[in-house]
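A.B. asks: generate a structure from the sequence data that follows.
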Amino acid sequence: DTLRALALGARGVLVGRAFLYALAAYGEAGVQRCLELMANELDVTMAFCGRTRVQDVDRRVLVNPETAC
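C.D. replies: Presented below is the predicted three-dimensional model:
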């Protein structure tokens, strides 16, 4: 969802609920781990799309023009 929001032009995304769950379950360490997981997930997703920088994310990661109807 974060990658899609960025591809559509968002300058930020809201991820507060995940932090609240992490905080409730494991405190500060849970929030830190949540940040690590989210950053890693975005990094892997960007790699699947062939992007290495957030600045390079655009609408082309959502639809491949060669396979679109």
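A.B. asks: ok, now how distant is residue 59 from residue 9?
C.D. replies: 8 Å (C-beta to C-beta, to the nearest Å). Just so you know, the C-beta spots here come from the backbone N, C-alpha and C atoms, and that holds for glycine as well.
A.B. asks: for residue 58, same thing?
C.D. replies: Distance of residue 58 to residue 9, computed by C-beta to C-beta: 9 Å.
A.B. asks: between the two, who's got more neighbours?
C.D. replies: Between residue 58 and residue 9, residue 58 has the larger neighbour count (other C-beta atoms under 10 Å), namely 12 against 9.
A.B. asks: in this structure that one contacts residue 4, no?
C.D. replies: No. Counting by C-beta atoms under 8 Å, residue 58 does not reach residue 4; the two are 11.6 Å apart.
A.B. asks: how about residues contacting stretch 50-60?
C.D. replies: 3, 6, 7, 8, 46, 49, 61 (C-beta atoms under 8 Å, 6 or more residues apart in numbering).
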